[in-house]
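1. structure for this input, please:
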Amino acid sequence: MSTFFIAGTDTGVGKTHATCTLLHALQARELSACGMKPVASGCVETAEGLRNEDGLALQAASSELMPYEWINPMALREPLSPHLAAAHDGVEVRLAPLFESFERLRDMHDMVLVEGVGGWLVPLSRGLLASDIARQWQLPVILVVGLRLGCINHALLSARAIATDGCRLVGWIGNLIDPQMAAVEENLDTLRQLLPAPCLGVLPYGETPRAAAPRLDVSAILE
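-> Residues are numbered from 1 along each chain as shown. Down below sits the predicted model:
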C-alpha cells in the first residue's frame, strides 16, 4: 500500500495533527512521504494565493517541499462546510482536477496520505461527499478518533459508514483532544475491542507531530 485516506470521526478531531505525525513516522522508516489536503475551507489570502493552515502543515511535514497547489488544489475562503464555502466562492468541487494533483504526488513518493475534510459524510458539492475521495480513488482508510466524551459512538458510526461504502479500514489513531477527559484508558480499551482494525497509536495532548511520531506503530499499514 502506498496511499491512504485519513478520515476523522468529526471536525476538529486532529486529522492534520495525526497525518503530520504519520508522515514523520513513515520518514523514520526511510520512506518518502507526502501529505495532501484535496479540499480545504477556511483559507486566507496571501501574496502567493489562498493558503490553509492544515495544508501548510502537511506541506511542511512532507519529505520534500511540494508546490502548495498540489498539496491543496481546492482552497476555499470561508470556514464552512466545503459545499457551502465553494458555493460562496462561485466554484464547484470536482474530483478530476484533485486526482491530477494526487497522481503527481503519488508518482514522486513512496507514500501519500490524503487527508479528508470534516467527517466521513461531509458534502463537497451536490451529489459528492468527502467519502467519495476514498471510495473513487480506492484508498484504504485510517480513522482519527478524537478522544473526548462521545468518541466511542462517533468512532463506531464512522467505521460502519466506511464499511458500508465499500472502503477498508486498516487502522485507527486515538488523539487526545480533551485533556480533561475521564476514563481515557477504559475508553481506549473499549475502542480496541470494538473497532474492526488495529490501533496504530495514541497521541497525547499538546505534543508536536515530530515528537509524537515514535508513538505510532506503522508496521500494520506497511505489511
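
2. helix, strand or coil for the residue nearest to residue 88 when sequence neighbours are not counted?
-> Counting by C-beta to C-beta, 6 or more residues apart in numbering, residue 78 is the residue found nearest to residue 88 once chain neighbours are left out, at 5.4 Å. The way it works is simple: take the backbone N, C-alpha and C, and place the C-beta from them, glycine included. Assigned by DSSP: H, G, I helix; E, B strand; the rest coil, the conformation of residue 78 is coil.

3. from residue 66, how far out is the residue of the chain most remote from its centre?
-> The centre of the chain is farthest from one residue, residue 47, which by C-alpha atoms, centre = their mean lies 26.8 Å away. Distance of residue 47 to residue 66, computed by C-beta to C-beta, to the nearest Å: 19 Å.

4. check residue 159 too.
-> Using C-beta to C-beta, we find residue 159 at a distance of 31 Å from residue 66.

5. how about the helices in the chain?
-> With DSSP state H as the criterion, the chain has helices at 15-28, 53-61, 68-71, 82-89, 95-108, 131-136, 151-164, 184-194, 209-212, 219-222.

6. pick the most buried one from these.
-> Of all these, helix 15-28 has the most neighbours on average by mean count of other C-beta atoms under 10 Å, namely a mean of 24.

7. for it, which outside residues touch it?
-> 6-8, 33-35, 37, 53-54, 57-58, 61-63, 110-111, 113, 115-116, 142, 144, 173, 175, 200, 203, 209-210, 212-216, 218 (C-beta atoms under 8 Å, 6 or more residues apart in numbering).

8. list buried residues within these.
-> For these, a burial check counting by 16 or more other C-beta atoms under 10 Å picks out 6-8, 33-35, 37, 54, 57-58, 61-63, 110-111, 113, 115-116, 142, 144, 173, 175, 200, 203, 209, 212-213, 216, 218.

9. among the helices of the chain, which gets the worst mean confidence?
-> Taking the mean pLDDT of each of these, the lowest value is held by helix 219-222, a mean of 91.

10. helices or strands up against that helix?
-> Applying 3 or more C-beta pairs under 8 Å, 6 or more residues apart in numbering; DSSP states H and E, one finds that helix 219-222 makes contact with strand 169-176.

11. so what pairs up with the residue nearest to residue 36 when sequence neighbours are not counted in the strands?
-> Using C-beta to C-beta, 6+ apart and skipping residues adjacent in sequence, the residue nearest residue 36 is residue 114, 4.9 Å away. Listed by DSSP bridges, the beta-bridge partners for residue 114 are residue 5, residue 36.

12. make TSV out of the helices of the chain and add distance to residue 41.
-> Converted to TSV, those look like this (distance: least, C-beta to C-beta, whole Å):
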stretch	distance to residue 41
helix 15-28	13
helix 53-61	10
helix 68-71	15
helix 82-89	4
helix 95-108	14
helix 131-136	15
helix 151-164	20
helix 184-194	29
helix 209-212	22
helix 219-222	28
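
13. quick one: which of these is nearest residue 125?
-> For residue 125, the closest of the helices of the chain is helix 82-89, at 5.4 Å, according to C-beta to C-beta.

14. got a list of contacts for the closest one?
-> 39, 41-42, 74, 76-80, 92-93, 117-118, 122-126, 130.

15. so which of those sit within strands?
-> Among the contacts of helix 82-89, DSSP state E puts 39, 41, 74, 76, 123-125 in strands.

16. kind regards, and thank you for your time.
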